[in-house]
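K.L.:
next comes the sequence, and after it the predicted model I'd like to discuss.
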Amino acid sequence: MLAIIVHSLSRVGGTESVVKLLANNLSSHLDVVVIETEKSTYVASDNNSFTVVNLSSNIKNEKLNMLFAMLKAGWYIRKKAIRDVYSTFGNLNILAILLCYGCNVIVCDHLCYRQ
């Protein structure tokens with residue numbers, strides 16, 4: 001099983017498009033779960049062949065919310081015995097590596113540093 005960690009699939013951007021494309025294409029070979037860490041309005045379509053799990057919290061502080069969501073993601077990955085993780089968190093990829101210790105972790109950064 002592969003877990004892909006993303007902030008939210010409801011955002012409109014390159015990272016979200018890449019995650020959806022990867023998840024749909026890889027799901028023909030293995031089970032794929034996309035873990036969202038912030039509140040999302042994303043609704044899975046019939047074309048999606050992957051599972052979406054939202055682990056956001058109701059904490060108003062954005063940084064604390066992200067920390068708790070990442071801790072929940074690490075717990076979820078261990079609970080489901082997921083061995084492969086793809087993280088799209090940019091500056092939080094180090095946290096993803098630490099929380100997913102023992103897993104095969106691929107980190108990717110889809111940011112424009114000019115902005």
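P.N.:
Okay, I see it.

K.L.:
now do the SS call for the residue nearest the centre of the chain.
P.N.:
Taking CA atoms, centre = their mean as the criterion, residue 5 is the residue nearest the geometric centre of the chain, at 1.2 Å. The three-state assignment at residue 5 reads strand, by DSSP: H, G, I helix; E, B strand; the rest coil.

K.L.:
need the contact list for it.
P.N.:
Contact analysis of residue 5 by CB atoms under 8 Å, 6 or more residues apart in numbering lists 35, 37, 73, 85-89, 96. All C-beta spots, glycine's among them, are computed from the backbone N, C-alpha and C.

K.L.:
select from the residues you listed every entry located in strands.
P.N.:
For the contacts of residue 5, membership in strands holds for 35, 85-87, with DSSP state E as the criterion.

K.L.:
out of these, grab the one that's most surrounded.
P.N.:
Among the ones in strands among the contacts of residue 5, residue 87 has the most neighbours (other CB atoms under 10 Å), with 25 neighbours.
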